[in-house]
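>>> One predicted model, sequence on top.
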Amino acid sequence: MASNKLDDRSTRHDRFHAKAKKHGFLARAVWKLGELDDKFKLFAPGQRVLDLGCAPGSWLQYARGKVGAKGVLVGLDRAELDAGEVAGARVVVGDVLAIDPAVLLGANAQFDVVLSDMAPDTSGIRSMDQARSEALFERALEIATLTLAPGGNFVGKIFQGPDFKKLIEEVRKRFAVAKSAKPESSRQISIEQYIVGTGFKG
Ligand SMILES: C[S@@+](CC[C@H](N)C(=O)[O-])C[C@H]1O[C@@H](n2cnc3c(N)ncnc32)[C@H](O)[C@@H]1O
């Protein structure tokens, strides 16, 4: 996982970290997706899932548990996965800002769920870090718009900044329901939030 002052550093050894280790998950981030899934019912068996910023791989592990052996998992990250193969996912190494969505789709016509837990390398300058996070969020939303099947779901991480409300509106234009959420397992001092869209309008 990228070094990220706004994210996980000071909680590396907190109860969520310990619980992830105990259950064999590759990162404490798994509980954030678990909480979002409990709230928004993101997955169904057999679905095709794209996970942007997938390293080290705990969201892929979680998604496999939800979509089952017949589901399809595709991950993208700038970094290779330390664990190599994770949860039977096809992992593409590349930059989300440059990748052709057709490469992510591969043999799949569409995805049913697009996830993004991407976080930029942080500079310590809050406005700059927010702007970089917004660019990653906007690109994730663009890829979701290009690849999701009607009725599909989207989750995107964002460092909350001046354009937060505008970005929720952008999701609302494309999805039946658009909501923001701050999982309990996300550090309270972190400015990260998730914007969730369910029921892609196509
Ligand atoms: C918080 S970690 C994701 C953790 C993951 N959800 C898990 O559960 O294991 C954020 C990831 O976003 C990736 N990332 C950041 N910028 C990216 C970019 N431009 N293109 C692709 N991946 C990016 C980082 O390399 C890092 O692995």
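That came in fine, so what should we check first?
>>> all helices for the protein, in order.
Taking DSSP state H as the test, the helices found in the chain are 15-22, 30-40, 58-67, 101-105, 126-147, 164-174.
>>> Out of these, which gets nearest to the ligand?
helix 58-67 (3.4 Å; Cβ to the nearest ligand atom). The C-beta positions use only the backbone N, C-alpha and C, and glycine is treated the same way.
>>> what comes into contact with that closest one?
Helix 58-67 has contacts (Cβ atoms under 8 Å, 6 or more residues apart in numbering) with 20, 24-30, 33-34, 37, 42-49, 51, 54, 71, 73, 75, 86-89, 91, 113, 115, 117.
>>> low-scoring pLDDT stretches of this structure, where are they?
1-13 (pLDDT under 70).
>>> how many neighbours does residue 84 have?
A count of nearby residues for residue 84, using other Cβ atoms under 10 Å, gives 8.
>>> Next one: it relative to the ligand, how far apart?
As judged by Cβ to the nearest ligand atom, to the nearest Å, residue 84 and the ligand stand 14 Å apart.
>>> Also residue 53?
3 Å.
>>> Take the contacts of helix 58-67 and keep only those in strands.
Members of the contacts of helix 58-67 lying in strands (criterion: DSSP state E): 48-49, 51, 73, 75, 91, 113, 115.
>>> is it true that residue 94 touches residue 76?
Yes: contact criterion Cβ atoms under 8 Å: residue 94 and residue 76 qualify, at 6.3 Å.
>>> which one of those two has more residues nearby?
Per other Cβ under 10 Å, whichever of residue 94 and residue 76 has more neighbours is residue 76, with 24 against 13.
>>> Deepest-packed of the helices of the chain, please.
By mean neighbour count, with neighbours taken as mean count of other Cβ atoms under 10 Å, helix 58-67 ranks first of these at a mean of 23.
>>> re earlier: can the helices of the chain go into TSV with extra columns for distance to residue 190?
Formatted as TSV, these follow (distance: least, Cβ to Cβ, whole Å):
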stretch	distance to residue 190
helix 15-22	12
helix 30-40	11
helix 58-67	17
helix 101-105	28
helix 126-147	11
helix 164-174	14
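>>> Dump the ones you listed into a markdown table; add distance to the ligand as well.
Listed next are those as a markdown table, based on distance: least, Cβ to the nearest ligand atom, whole Å:
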| stretch | distance to the ligand |
| --- | --- |
| helix 15-22 | 9 |
| helix 30-40 | 6 |
| helix 58-67 | 3 |
| helix 101-105 | 11 |
| helix 126-147 | 6 |
| helix 164-174 | 17 |
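>>> Residue 131 contacts residue 161, doesn't it?
Yes: with contact defined as Cβ under 8 Å, residue 131 reaches residue 161; the gap is 7.2 Å.
>>> Mind listing the residues bridging to the residue most central in space within the chain?
Central residue of the chain (Cα atoms, centre = their mean): residue 116, 2.4 Å from the mean position. As for beta bridges, residue 116 partners with residue 52, residue 156 under DSSP bridges.
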